[in-house]
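**Student:** Give me coordinates for this.
(2 chains)
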2 protein chains.
Amino acid sequence: MSDYVEAAELRSALRRFLRRSEEIARRHELTPRQYLLLLMIRSSDERGGHTTITDLVERLALTQSTVTELVQRAEEAKLVTRAPSPVDGRVVHLSLSPTGRERLEHAFRELGPEREMLLRMLRRED
Amino acid sequence: MSDYVEAAELRSALRRFLRRSEEIARRHELTPRQYLLLLMIRSSDERGGHTTITDLVERLALTQSTVTELVQRAEEAKLVTRAPSPVDGRVVHLSLSPTGRERLEHAFRELGPEREMLLRMLRRED
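**Tutor:** The predicted model follows:
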């Protein structure tokens, strides 16, 4: 398979996955970016760490101002909460609210089969 | 690794790849979608097939009207050409213009290392 054919197949698979992910997020009253935000916070929680704006800039490949606005809107929508770090009051730690946690879980579960299909395709397991 | 951690790593890798891809496309005077359009046409050419609007709707996970507009703009920008199918005049086949072919090749080559990195990460080869 040529490099162009392989790259085109990768892009088609990504486009379909991202499209499906958007549909599912919106069905659970989340914007596509809110879904990613909640996923990143949950992932840090599971690793026993904290989530800060600085982390998110790196992990979401968005600018500082875009992430700041995304977090503000998510806080207004009662999806996340903010609290100052106990060791450095200038740093803010983000957590999921019960609503944020619940919507994330539902959307995440619904997207499971697509995620598996994408990973299998990328790893050429089928 | 939990499912949430794995999914978050996948999404971070995709975000970084897509961000980088956009930057590179724009540097070569292509919108991110024009880059994908040219890539799909090139990939069909290499497989000895033709590219139609209907194919692109499926492969880019976009609506018919979005693809139609994308193709029109790309034709105006002299990146692609249209010709009726010799076997069915109602069907239009898309081809790369010399300019489209050249910009695609340059952008594609520049994105090579990122694409390799993404695939390696997804396949856990490192």
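**Student:** Show me the helices in chain A, by range?
**Tutor:** Counting by DSSP state H, chain A has helices at residues A:3-27, A:32-46, A:53-60, A:64-76, A:98-123.
**Student:** quick one, what contacts the spatially most central residue of chain A?
**Tutor:** By Cα atoms, centre = their mean, chain A has its centre lying nearest to A:L36, at 1.6 Å. Residues near A:L36 by Cβ atoms under 8 Å, 6 or more residues apart in numbering or on different chains: A:60, B:11, B:15. Yep, even glycine has a C-beta here, placed from its N, CA and C like the rest.
**Student:** can you redo the residues you listed as CSV with neighbour count, pLDDT and distance to B:R82?
**Tutor:** Formatted as CSV, those follow (neighbours: other Cβ atoms under 10 Å in any protein chain shown; pLDDT from 0 to 100; distance: Cβ to Cβ, whole Å):
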residue, neighbour count, pLDDT, distance to B:R82
A:L60, 21, 96, 38
B:R11, 21, 95, 37
B:R15, 16, 95, 34
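**Student:** For A:S95, state which of those residues is nearest.
**Tutor:** Of all the contacts of A:L36, A:L60 has the smallest distance to A:S95: 17.3 Å, by Cβ to Cβ.
**Student:** For the closest one, which residues are in contact?
**Tutor:** Per Cβ under 8 Å, 6+ apart, neighbours of A:L60: A:33, A:36-37, A:40, A:67, B:12, B:15.
**Student:** That one and A:Y35, how far apart?
**Tutor:** 11 Å (Cβ to Cβ, to the nearest Å).
**Student:** again with A:T63
**Tutor:** Following Cβ to Cβ, the distance that separates A:T63 from A:Y35 is 19 Å.
**Student:** Which positions in chain A make contact with chain B?
**Tutor:** Listed as neighbours of chain B in chain A under the rule Cβ under 8 Å from any Cβ of the partner chain: A:2-5, A:7-12, A:14-16, A:18-19, A:36, A:39-40, A:42-43, A:46-47, A:59-62, A:108, A:112, A:115, A:119, A:122-124.
**Student:** Can you flag the buried ones in those?
**Tutor:** Burial by neighbour count, 16 or more other Cβ atoms under 10 Å in any protein chain shown: within the residues of chain A next to chain B this picks out A:4-5, A:7-8, A:10-12, A:14-16, A:18, A:36, A:39-40, A:42-43, A:59-62, A:108, A:115, A:119, A:122.
**Student:** Give me the neighbour count for A:V87.
**Tutor:** Neighbour count of A:V87, defined by other Cβ atoms under 10 Å in any protein chain shown: 6.
**Student:** any idea how far it is from A:H50?
**Tutor:** Distance from A:V87 to A:H50, by Cβ to Cβ: 10 Å.
**Student:** just checking, A:L10 touches A:R124?
**Tutor:** No - applying Cβ atoms under 8 Å, one finds A:L10 not in contact with A:R124, separated by 11.2 Å.
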